[in-house]
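Chemist: Compute the structure for the input listed below.
(chains A and B)
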Amino acid sequence: DIQMTQSPSTLSASEGDRVTITCRASQSINNWLAWYQQKPGKAPKLLIYKASNLESGVPSRFSGSGSGTEFTLTISSLQPDDFATYYCLQYSSYSTFGQGTKLEIK
Amino acid sequence: EVQVVESGGGLAQPGGSLSLSCAPSGFTVSSTYMSWVRRAPERGLEWVSVISTGGAVHYADSVKGRFTISRDNSKNTLSLQMNSLRAEDTAVYYCARGGDTFGSSRRPFDSWGQGTLVTVAS
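Modeler: You can find the predicted model right below:
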């Protein structure tokens, strides 16, 4: 089974900051990596698919990069609506989520 | 408009059973991979099960042998039969479109229901 290690588990930042979240796969997943945003009581929302492709309707301040085993999600300038929990997902072989990163207001 | 609605959650005793149902609109369950994903309290997301367009099913090790995923093409519904429930199965369960991890044009989970809470306690 492919394991996903996501870091950090918690991130404190301010509005306007640039933040980066990292996911590492236990083996190569090519580019089969997605990023989700989840808010309390809501379903996860797809942000990025195939490592770097922005889902329709997602603001351009979100971007993804990486390949193989190392991937990053970057938010270029934090907005109040961005404070949430973020998950990576590998969909190379079955599906595995990272442990999540809670993005908090500093 | 694509929409997914789950139902069937509730309280079950350890060792008991519950059945969840999912009714999408805007697409048919037979035309795409469909999955169940859960989020336990204070924990992250966990993929539970998938059914392919051809009817092949796969399960996470944590539920294998206890849970059964199925679909009813005539009713356009997806189901999850959960038996031998354990306290650690307590979670919000989401029905999601997606779960194909083999096709060259695979998509990740892109449409989700609002979730249904399953609580396993005596």
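
Chemist: Correct me if wrong: A:Arg24 contacts A:Thr69.
Modeler: Yes: applying C-beta atoms under 8 Å, one finds A:Arg24 in contact with A:Thr69, separated by 5.9 Å. C-beta: built from backbone N, CA, C; applies to glycine.

Chemist: can you tell if stretch A:71-82 touches chain B?
Modeler: No: judged by C-beta under 8 Å from any C-beta of the partner chain, stretch A:71-82 and chain B are separated, with a smallest distance of 13.0 Å.

Chemist: Any chance you could list what contacts that stretch?
Modeler: A:13-25, A:33, A:35, A:37, A:47-48, A:51, A:59, A:61-66, A:86, A:88, A:103 (C-beta atoms under 8 Å, 6 or more residues apart in numbering or on different chains).

Chemist: Would you indicate which residues of it are buried?
Modeler: A:71-73, A:75, A:78, A:82 (16 or more other C-beta atoms under 10 Å in any protein chain shown).

Chemist: Using CSV, write out every CA atom in that stretch.
Modeler: Output in CSV follows, covering the C-alpha atoms of stretch A:71-82 (Å, rounded to 0.1, in the frame of the first residue of the first chain):
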residue,chain,number,x,y,z
PHE,A,71,4.5,17.3,-3.9
THR,A,72,3.5,20.8,-2.7
LEU,A,73,0.4,22.9,-2.4
THR,A,74,1.1,26.6,-2.3
ILE,A,75,-1.4,29.4,-1.5
SER,A,76,0.2,32.6,-2.7
SER,A,77,-1.7,35.2,-0.6
LEU,A,78,-3.9,33.8,2.2
GLN,A,79,-7.5,35.1,2.2
PRO,A,80,-9.9,34.8,5.2
ASP,A,81,-11.8,32.0,3.4
ASP,A,82,-8.6,29.8,3.1
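
Chemist: Secondary structure element for B:Val4, which one?
Modeler: strand B:3-7 (DSSP states H and E).

Chemist: If you drop the residues flanking it in sequence, what lies closest to B:Gly9?
Modeler: Computed as C-beta to C-beta, 6 or more residues apart in numbering or on different chains, the closest residue to B:Gly9 that is not its neighbour in sequence is B:Thr116, at 3.4 Å.

Chemist: nope, A:Thr10 is what I was after
Modeler: A:Lys102 (4.9 Å).

Chemist: a helix runs through that neighbour, doesn't it?
Modeler: No: assignment of A:Lys102 by DSSP: H, G, I helix; E, B strand; the rest coil gives strand, placing it outside any helix.

Chemist: I figured the residue nearest to B:Gly9 hits B:Gly8, correct?
Modeler: Yes: between B:Thr116 and B:Gly8 there is a contact under C-beta under 8 Å: 6.2 Å.

Chemist: Show me what the residue nearest the centre of chain B bridges to in the sheet.
Modeler: For chain B, B:Trp36 is the residue whose C-alpha lies nearest the centre (C-alpha atoms, centre = their mean; 2.3 Å). Judged by DSSP bridges, the bridge partners of B:Trp36 are B:Ser49, B:Cys95.

Chemist: residues contacting it?
Modeler: B:20, B:22, B:47-50, B:69, B:78, B:80, B:93-96.

Chemist: quick one on the thing from earlier: same drill for B:Thr116 and B:Gly8, tell me which one is more crowded.
Modeler: When B:Thr116 and B:Gly8 are compared for neighbours, B:Thr116 comes out ahead with 22 against 16, by other C-beta atoms under 10 Å in any protein chain shown.
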